[in-house]
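Engineer: Predicted model, plus sequence, below.
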Amino acid sequence: MQVLKFGGTSVANAENIQKVSAIVQQALKKDKAIVVVSALGGITDILLQSGELASQMDESYKAKLYVVEQRHLETVKALLPVAQQSSVLSWVKKNCNEIEDICNGIFLLGELSARTKDRIVSYGELMSSQIISSYLNATGISNVWKDSRELIFTDSNFGYASVDFALTNKKINQYFSGNNNSLFIIPGFVASNETGATTTLGRGGSDYTASILAAGVYADALEIWTDVSGMMTADPRLVSNVRQIPHISYQEAMELSHFGAKVIYPPTIHPVMSRKIPVWIKNTFAPQDYGTVIESDAKENGNIIRGISSINKIVLLSLEGSGMVGIPGFSKRLFEALANEKINVIIITQSSSEHSICVGIEENSSVKAKEAVDKAFAYEIQTGKVDPLIIEKNLAIVALVGDHMKSHTGVSGKMFGSLGRNGVNIRAIAQGSSERNISAVIASDDVRKAINVLHEDFFENTYKQVNLFIAGVGNVGSRLLAQLDQQKEYLQEHLRLQVRVVSIANSRKMLFNDEGIDLKNWRQLLDQGEQMSLQRFIDIIRSKNLRNSVFADVTANSSLAECYDQLLQKAISVVACNKIACSSPYEYYKKLKDLSREYNAPFLFETNVGAGLPVIGTLNDLLRSGDKVNRIEAVLSGTLNFVFNNYNGEKSFAEVVKQAQDEGYTEPDPRLDLGGTDVMRKIMILARESGERLEMDDIENRSFMPASCMKGGVADFYTEMAKHESHFLNIYKEAAAANMKLKFVAKYENGKASVGLQHIDSKNDLYHLYGKDNVVLFYTDRYTEQPLVVKGAGAGAEVTASGVFADIVRTASV
Ligand code: ADP
Ligand code: ASP
Ligand code: MG
């Protein structure tokens, strides 16, 4: 004998029932079969809603019942030949009238008991199974319909009844032994108590019905036919790249389902496990797929864990108080109080100080729990030994499950590390002594993110997804987008990174798409985006709560730089090409560095100095390895270098500056380069990274620009420079006469920093610098005579974009 169970989606309509029929026909070629069916998909919910509405004296229950009737009538009409329809149709109508009579009664009384609820909801399975039985008979697949209420007996805990296995197994045995039929159609979910009243086995209970029957008849196999191709490594509604689990042990399946893998109802495993009956999870819509087999000794699959699951709508109850320490019996009384109210405890933790016990239960039992526990401890609360029960809401549990976890160290470390890096706060932790499960209580809002990061980190051949928010699409930003597009495949193949640009914004518009913006078409899409509002933009990034979120600032905007703290506090990494944050008052720079450490969210700004050159990275490496920076000398302005390398009096100074701007080497406002501010910012950042507490005012700037050039707007700046051509020519001639080059040099030594134009002779390390190159000389305890030199192109959109790109990739490897 084999037992096949078909869930709600599998029998949702005539088309699906035809698929079921084909599967049953195929199965009968092997052996006799018991087929257990759920109600037509969605009907259970509608029936329950009708009862609730009626009890609230809301007449709209009638419209709901109309839907129930129509769904069943339509299914019959679509399945059965006209000649055989009428008896089934009138039977359906008769059942629907009964439901309506019951609901009318509830409406009049304004009262709905658990017992009546079970009565109403049982019609779902009773009708679906009768329709399917009639259909199979009509198509020549001969079968008998048997009411499960005559086979499965329970206590009177309506809605969630417990099975009396002795009686049930006896009845099953009596009915099936000696029965020569080869196919039985049986409604799932429903059972009866000792007085014959209808009970139900809990939501999702048809799986359990099938398992009870399979165990009762010692079936060779139990097949659960549903709408997915087996158990998956995580809930496919939450994670997009789940993998199917071909083999899993009974215990693992039980843990996964207990912690929320809805694909199988938790009590289902128990009856078949004791008889070692294998359970197959199969897909009605893809019967050829292998599915999952649940068995005693599941093959190892190379992964430490088998799957990840989650339960939402959890509340944590905490019983605390100094009066609890060392006195036995407190936990017993707590659990007794909950058990008396039939409240299911999902997770328990107790601190070793015994000062508090923490219990996770379903949210809908929280009011009952509070009343029961406070009543049980009324005396202790009154005398101040314990506090009234504390309830925390909006929580969820995530659990890692796997038989092989016990032989591996570091699983929980990896789990909490992954969650921590993504800013997921953990409220409580439990690990069973079987080490088959580690569970953590977290905020409901974090569930999707948590499950996704855990899935990425534990199922290694999936790739890591980085969700990137980009502000600024000017010279650098647009190059960055082009590079990201171009490197997509490479990143995925070689670094196992999928960088998804989920938002692009400029000063006018902002665009979001959690599935990733089409980078070939971003300009048009951004044009159609919503109007930019800075705070809203930041709020959206924060509230999206996507895993591995990175914010890249490729603007020169100061208001945006003021928002980095809000992002880092949400564990969102910040990559800044914008120098303003790091060169703003020291307090803010320090705050950002501290937040980055606290929330484990990288804050990277390599392009702040020397564009794509590894200047800050090199400095950090020196310091990390224990070296000490004594002096820094640098030419840090690609713009000024370009200008002084190209200016020799043939073209005017203003023209050469304009050329630098046109070729994209300058800051959006070129005065920041020419006046030295940009270089001051850079040397300050290097000094700060070296551990110096330095402000802009502390830096000496020996500017070569006439004061009048720095007044007014950018246009005035060019006009004024033209007026002062002789000033610039003199500076040039003086240096040329001495056979020297002009370099705008930044220095940092003994806690002091300065910037200014200098004459450099040909023996100096700074002399041979061409085009827009930058050079930085680090003199350290280890590099004393010969400095460590970092030199190369230090400006330009393409190299800056690639520096930002490298920082983005770096955030992902943390
Ligand atoms: P049925 O109506 O057939 O009983 P259910 O809706 O009860 O089906 O269960 C199947 C659903 O369980 C799937 O559609 C899937 O969305 C969900 N599910 C949750 N976790 C998992 C998991 N780990 N593996 C497979 N499916 C899962
Ligand atoms: N129809 C019931 C429910 O939706 C039982 C089941 O489908 O397993 O919960
Ligand atoms: Mg189910």
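Structural biologist: Here it is on my side, so go on. Residues are numbered from 1 along each chain as shown. Ligands and ions are numbered 1, 2, ... in the order given.
Engineer: Show me what the host helix or strand of residue 536 packs onto, helices and strands only.
Structural biologist: Assigned by DSSP states H and E, residue 536 falls within helix 534-544. Where contact means 3 or more Cβ pairs under 8 Å, 6 or more residues apart in numbering; DSSP states H and E, helix 534-544 is packed against strand 464-471, strand 497-505, strand 509-512, helix 564-568. In short, each C-beta sits where N, CA and C put it, glycine included.
Engineer: quick one: average confidence on that helix?
Structural biologist: Here helix 534-544 scores 96 as its mean pLDDT.
Engineer: How about the contacts made by residue 394?
Structural biologist: With contacts defined as Cβ atoms under 8 Å, 6 or more residues apart in numbering, residue 394 is in contact with 443-445.
Engineer: In the stretch 601-750 of the chain, mark out all the helices, start to finish.
Structural biologist: Under the criterion DSSP state H, counting those that start in this stretch, the stretch 601-750 of the chain carries helices at the ranges 615-624, 638-646, 653-662, 671-674, 677-689, 714-723, 725-737.
Engineer: Adding mean pLDDT and mean neighbour count, write the helices and strands packed on helix 534-544 out as JSON lines.
Structural biologist: Compiled in JSON lines, the helices and strands packed on helix 534-544 are given as follows (pLDDT from 0 to 100; neighbours: other Cβ atoms under 10 Å):
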{"stretch": "strand 464-471", "mean pLDDT": "95", "mean neighbour count": "24"}
{"stretch": "strand 497-505", "mean pLDDT": "96", "mean neighbour count": "23"}
{"stretch": "strand 509-512", "mean pLDDT": "97", "mean neighbour count": "19"}
{"stretch": "helix 564-568", "mean pLDDT": "97", "mean neighbour count": "22"}
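Engineer: you'd agree residue 657 is up against residue 643?
Structural biologist: Yes - shown here, residue 657 and residue 643 form a contact pair, counting by Cβ atoms under 8 Å, at 5.8 Å.
Engineer: which neighbours do these two share?
Structural biologist: Taking Cβ under 8 Å, 6+ apart as the criterion, residue 657 and residue 643 both touch residue 674.
Engineer: May I see the buried residues of stretch 190-210?
Structural biologist: 190-193, 197-202, 204-210 (16 or more other Cβ atoms under 10 Å).
Engineer: pLDDT weak spots in the stretch 201-350 of the chain?
Structural biologist: Segments of the stretch 201-350 of the chain classed as low confidence (criterion: pLDDT under 70) are 326.
Engineer: Contact residues of it facing ligand 3?
Structural biologist: Of all the residues in the stretch 201-350 of the chain, those in contact range of ligand 3 (Cβ under 5 Å from the ion) are residue 204.
Engineer: Show me where the stretch 201-350 of the chain has its helices.
Structural biologist: 206-216, 250-258, 269-274, 330-340.
Engineer: Give me the neighbour count for the closest residue to residue 331 other than its chain neighbours.
Structural biologist: Beyond its immediate neighbours in the sequence, the residue positioned closest to residue 331 (Cβ to Cβ, 6 or more residues apart in numbering) is residue 357, lying 5.6 Å away. The burial metric for residue 357, expressed as a neighbour count using other Cβ atoms under 10 Å, is 19.
Engineer: Was I right to think residue 357 contacts residue 318?
Structural biologist: Yes - A contact is recorded between residue 357 and residue 318 when judged using Cβ under 8 Å, the distance being 7.3 Å.
Engineer: what about residue 790, which helix or strand?
Structural biologist: If you go by DSSP H and E, residue 790 is part of strand 788-793.
Engineer: tell me the angle that strand makes with helix 615-624.
Structural biologist: Going by axes from the mean of the first three to the mean of the last three Cα atoms, to 10 degrees, strand 788-793 is angled at 170 degrees with respect to helix 615-624.
Engineer: residues from the stretch 151-300 of the chain in reach of ligand 1?
Structural biologist: For the stretch 151-300 of the chain, the residues in contact with ligand 1 (Cβ under 6 Å from any ligand atom) are 204, 226-228, 231-232, 234-237, 261-263.
Engineer: now for the helix or strand following the strand holding residue 790, which elements pack on it?
Structural biologist: As assigned by DSSP H and E, the chain's next helix or strand after strand 788-793 is helix 797-812. Secondary structure elements in contact with helix 797-812, counted by 3+ Cβ pairs under 8 Å, 6+ apart, are strand 464-471, helix 475-486, strand 497-505, strand 549-553, strand 573-576, strand 603-604.
Engineer: For the residue in the stretch 651-800 of the chain that ligand 2 sits nearest to, which non-adjacent residue is spatially closest?
Structural biologist: Taking Cβ to the nearest ligand atom, ligand 2 has its nearest neighbour within the stretch 651-800 of the chain at residue 800, 57.2 Å off. Leaving aside its chain neighbours, residue 800 sits nearest to residue 611 (4.4 Å; criterion: Cβ to Cβ, 6+ apart).
Engineer: repeat for residue 300
Structural biologist: Leaving out its chain neighbours, the residue that sits closest to residue 300 by Cβ to Cβ, 6+ apart is residue 404, at 6.4 Å.
Engineer: how near is that neighbour to residue 256?
Structural biologist: In this structure, residue 404 lies at 14 Å from residue 256, with Cβ to Cβ, to the nearest Å as the measure.
Engineer: try residue 663
Structural biologist: Distance, residue 663 to residue 256, using Cβ to Cβ: 60 Å.
Engineer: Specify which residue of the two has the higher count of neighbours.
Structural biologist: Under the criterion of other Cβ under 10 Å, the comparison of residue 663 against residue 256 puts residue 256 first, with 31 against 15.
Engineer: Just give the closest residue to the residue in the chain that ligand 3 sits nearest to, not the sequence neighbours.
Structural biologist: With distances taken as Cβ to the ion, the chain approaches ligand 3 most closely at residue 204, which sits 4.2 Å away. Take residue 204 and drop its neighbours on the chain: the residue closest to it by Cβ to Cβ, 6+ apart is residue 265, 3.8 Å away.
Engineer: Just want the phi and psi numbers for that neighbour.
Structural biologist: In terms of degrees, to the nearest 10, the main-chain angles of residue 265 are phi -70, psi 130.
Engineer: I figured residue 721 was touching residue 709, is that so?
Structural biologist: Yes - taking Cβ under 8 Å as the contact criterion, residue 721 and residue 709 are neighbours in contact, 5.4 Å apart.
Engineer: need the strands for the stretch 1-150 of the chain, in chain order.
Structural biologist: Chain-ordered strands for the stretch 1-150 of the chain, with DSSP state E, counting those that start in this stretch as the definition, fall at 2-6, 33-37, 144-145.
Engineer: what's the angle from the longest strand along the chain to helix 330-340?
Structural biologist: The strand spanning the most residues in the chain, taking DSSP state E as the definition, is strand 307-320. Angle of strand 307-320 versus helix 330-340, following the same axes, to 10 degrees, is 110 degrees.
Engineer: quick one: buried residues of strand 307-320?
Structural biologist: Neighbour-count burial for strand 307-320, counted by 16+ other Cβ under 10 Å, picks out 307-311, 314-320.
Engineer: What of stretch 689-709?
Structural biologist: When burial is assessed from 16+ other Cβ under 10 Å, stretch 689-709 yields the following buried residues: 689-690, 692, 694, 698-699, 703-705, 709.
Engineer: What of stretch 566-581?
Structural biologist: Buried positions in stretch 566-581, judged by neighbour count with 16+ other Cβ under 10 Å: 566-568, 570-581.
Engineer: Tell me how far whichever residue of the stretch 51-200 of the chain sits closest to ligand 2 lies from residue 100.
Structural biologist: With Cβ to the nearest ligand atom as the measure, residue 189 is the residue of the stretch 51-200 of the chain nearest to ligand 2, at 4.0 Å. Look at residue 189 and residue 100: by Cβ to Cβ, they are 21 Å apart.
Engineer: and what of residue 331?
Structural biologist: Using Cβ to Cβ, one obtains 48 Å as the distance from residue 331 to residue 100.
Engineer: What is the neighbour count of the residue in the stretch 701-814 of the chain positioned nearest to ligand 1?
Structural biologist: When you check the stretch 701-814 of the chain against ligand 1 by Cβ to the nearest ligand atom, the closest residue turns out to be residue 812, at 26.3 Å. Residues near residue 812, counting by other Cβ under 10 Å, number 20.
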